[in-house]
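Trainee: please work out how this folds:
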Amino acid sequence: MVKAIKPARVAELDAADPLAHKRAAFELPAGVVYLDGNSLGALPKGVAARLHKATIEEWGQGLIRSWNDAHWYPAPQRVGAQIARLIGAKAHEVIACDSTSVNLYKVLWAACQGSGNLIITEADNFPTDVYLCQSIAANLGKTLRAVPGAEIAKAVRTAGADLACLMLTQVHYKTGQLHDMAALTQLAQAHGGRVVWDLAHSAGIMPLQVHALNVDYAVGCTYKYLNGGPGAPAYVYVHERHILDLQQPLYGWHGHAAPFAFSEHYQAHAGIEKMLVGTASQLSLLALEEALKVYDDVDLTQVRNKSLSLTQLFIDLLDQALPEFTLITPREPALRGSQVALSYPDPKQGYAIMQALIEHGVIGDFRAPNILRFGFAPLYLSHQDVVQAVAIFTTIMREEIYRAPRFQAQKAVT
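Mentor: I've put the predicted structure just below:
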């Protein structure tokens, strides 16, 4: 029998929350429980003012002088240092630039320059990650092997010395399952391979230690839990032991040792700047720099603890109210990120259910073929939000509101 959750217990959890004050740092629409921070983070309040200054003053009045006078030019390094603190890297190991996909291509190319022939990734990994593994394999004459998550360690052992690279997303984008970064990094490197981690669903919601764990390379986006805004610049990490000798395939002038010498011959920068290609998307980069300030005084251990508390409460309440749903996310706290994924017995109704939830103020998202996905951003969610979300969810299911025709028409973005 599922034990009932008492309202007083929920109130106690919120009263004891050391991150409760952070909610005031975000623009959150009234009447909405936002459970899609794993897809697009909420807007930090300081960003609008920063963009106003960047556009009206720095661009509008400073014009091209702002590359120097407003210190635009070194923004990729500054933002990289901000992100480095959140992923457990050294400041000179991270730079903000390009998209996650472009950065992933760079580091996969670098990781596969050794003698190994085999690239291993997880079957059902985020499609872009798999596509890029396919591209690298085709372009470099490597073999790609995509295996189920439970078989990754076995696949690495089987590959042995033929392993070139292991590429994984730390938290699976559909299931929310958390991989053991330490164990899998060590295992792959013991067989002579290099390791690339995608941190898109883990940075900002748990303590990470990529440098201490000897991770070779990592990439990540910043528009999810890091709240950088739609299309915000991504970042790339390279362990310092690789930086000097690292070569990446995209020779761009910002990666040059002396960009403003305008030499016809490429000479890579000696530092992490060699991962740059072209001119940064400057306004987005400045918005991201401001957004990341919400983490300046945040203890990521507290973030992780609250994340697990929120997701556990959501799971417990669903067990009571909506047992017809199947939980896809691991029940064991240590094995999940900061999301909860569900499936519904009728696969044709999953999308409609999510659309009904969104119309009624509970915003999550749908992932084909039949996954309702809810992301929990600890900086701006409360336990009471979780209770409210499940109450609305229950009403939608019990009254079959989701069967209305308007919820059946699929939109471009799910």
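Trainee: wait, a helix at Ile119?
Mentor: No: if the criterion is DSSP: H, G, I helix; E, B strand; the rest coil, then Ile119 is strand and not within a helix.
Trainee: quick one, what contacts it?
Mentor: Taking CB atoms under 8 Å, 6 or more residues apart in numbering as the contact definition, Ile119 lies against 108, 112, 133, 136-137, 142-145, 164-167. Any C-beta I mention is one placed from the backbone N, CA and C, and that applies to glycine too.
Trainee: which one of these has the most neighbours?
Mentor: For these, the largest number of neighbours (other CB atoms under 10 Å) sits with Met167, at 31 neighbours.
Trainee: direction included, what does the one helix or strand that one maps to pair against?
Mentor: Following DSSP states H and E, one finds Met167 within strand 163-169. Strand 163-169 has the following strand partners under DSSP bridges: strand 118-122 (parallel), strand 194-198 (parallel).
Trainee: next, the angle strand 194-198 makes with the helix or strand just after that strand.
Mentor: Later in the chain than strand 163-169, the nearest helix or strand by DSSP H and E is helix 181-190. Going by axes from the mean of the first three to the mean of the last three CA atoms, to 10 degrees, helix 181-190 is angled at 150 degrees with respect to strand 194-198.
Trainee: which elements pack onto helix 181-190?
Mentor: For helix 181-190, the contact count by 3 or more CB pairs under 8 Å, 6 or more residues apart in numbering; DSSP states H and E identifies helix 152-159, strand 163-169, strand 194-198 as packing neighbours.
Trainee: to Met354, which of these lies closest?
Mentor: strand 163-169 (22.2 Å; CB to CB).
Trainee: what angle separates that closest one from helix 152-159?
Mentor: Using the same axes, to 10 degrees: strand 163-169 against helix 152-159 is 170 degrees.
Trainee: just the pLDDT for the residue nearest to Ala20 when sequence neighbours are not counted.
Mentor: Distances taken as CB to CB, 6 or more residues apart in numbering put Asp14 closest to Ala20, at 6.5 Å, once the chain neighbours are dropped. Asp14 is assigned a pLDDT of 97 by the prediction.
Trainee: can you tell me what sits against the helix or strand harbouring Asp14?
Mentor: Here Asp14, judged by DSSP H and E, is contained in helix 7-15. Residues from elsewhere that reach helix 7-15, judged by CB under 8 Å, 6+ apart: 20, 309, 313, 382-384, 386-387.
Trainee: and those residues, which is closest to Tyr351?
Mentor: Closest to Tyr351, out of all of these and judged by CB to CB, is Val386, at 22.6 Å.
Trainee: list the contacts for that closest one?
Mentor: Applying CB under 8 Å, 6+ apart, the residues contacting Val386 are 10, 33, 310, 313-314, 317, 376.
Trainee: show me where this protein has helices.
Mentor: Secondary structure of the chain (DSSP state H): helices at 7-15, 46-52, 66-69, 75-87, 100-111, 127-140, 152-159, 181-190, 240-243, 282-291, 300-321, 350-359, 383-398.
Trainee: mind listing what Met275 touches?
Mentor: Met275 makes contact with 95, 97, 103, 106, 236, 238, 248, 255 under the criterion CB under 8 Å, 6+ apart.
Trainee: just to revisit the earlier point, Ile371: which of the strands paired with strand 163-169 is closest?
Mentor: For the strands paired with strand 163-169, distance to Ile371 was read as CB to CB. The smallest value, 16.1 Å, belongs to strand 118-122.
Trainee: ok, now how distant is Ile328 from Val195?
Mentor: 26 Å (CB to CB, to the nearest Å).
Trainee: do the same with Ala188
Mentor: Distance from Ala188 to Val195, by CB to CB: 5 Å.
Trainee: what is in contact with these two at once?
Mentor: Leu166.
Trainee: comparing Ile328 and Val195, which shows the higher neighbour count?
Mentor: Applying other CB under 10 Å to Ile328 and Val195 shows that Val195 carries more neighbours, namely 27 against 19.
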